[in-house]
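this one's sequence-less:
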């Protein structure tokens with residue numbers, strides 16, 4: 001083996017060890033900032049006005065809800081968004097809107113006009129609020145997890 005080949009192998013191993021160490025250090029210090037975003041703020045976004053057509057209403061657990069005529073099953077929506085170039089707050093609103101759009105589409109398929117008892121469901125832990133949605137913002141990914149029940153509610 002030539003000196004150059006030996007040098008190249010040692011350099012590659014050293015680089016691999018260094019990259020692995022950086023990866024472990026980064027994982028140990030991963031950011032997970034918790035934000036509580038008002039549902040009203042998400043619904044007021046211009047994008048929400050375009051994407052949510054109003055045929056499906058959303059009610060957080062504990063919030064006043066019209067009379068529930070029929071429950072049509074529960075579901076979870078867990079969208080993520082790339083946090084690059086976004087503030088945590090905007091990324092959270094964007095992820096929450098994505099969850100609401102998914103709920104709206106599924107609600108229509110099952111014949112529901114509402115999603116009720118909506119709770120935050122991060123890592124399968126329920127967090128209830130009658131006004132806000134919990135969001136987790138990491139160094140690169142921002143996401144929400146919501147659980148709700150499709151329902152037919154009185155008009």
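Yep, that arrived. Since the model is a prediction, treat every value here as computed from it, not as a measurement.

My read is that residue 94 contacts residue 81, right?
Yes - Residue 94 is within contact range of residue 81, at 5.1 Å (criterion: Cβ atoms under 8 Å). Yep, even glycine has a C-beta here, placed from its N, CA and C like the rest.

shared neighbours of the two, which are they?
Here residue 94 and residue 81 share the contacting residues residue 142, scored by Cβ atoms under 8 Å, 6 or more residues apart in numbering.

For stretch 132-149, give the mean pLDDT please.
Averaged across stretch 132-149, pLDDT comes to 97.

Tell me which residues of it come out buried.
132-137, 142-149 (16 or more other Cβ atoms under 10 Å).

out of these, who's nearest residue 32?
Using Cβ to Cβ, residue 136 comes nearest to residue 32 of these, at 5.6 Å.

Report the buried residues of the helix or strand encompassing residue 50.
Per DSSP states H and E, residue 50 falls inside helix 46-51. For helix 46-51, the neighbour count (16+ other Cβ under 10 Å) marks residue 48 as buried.

after that helix, next one along is what?
strand 57-60.

which is the next helix or strand following the lowest-mean-pLDDT helix or strand in the chain?
When each helix and strand of the chain is scored by mean pLDDT, DSSP states H and E, helix 3-28 comes last, with a mean of 50. On the C-terminal side of helix 3-28, the nearest following helix or strand under DSSP H and E is strand 33-38.

circling back to that earlier point, redo the buried residues of stretch 132-149 as CSV? Include distance to residue 42.
Output for the buried residues of stretch 132-149, formatted as CSV (distance: Cβ to Cβ, whole Å):
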residue, distance to residue 42
132, 10
133, 7
134, 12
135, 10
136, 16
137, 15
142, 13
143, 14
144, 10
145, 15
146, 11
147, 16
148, 14
149, 19
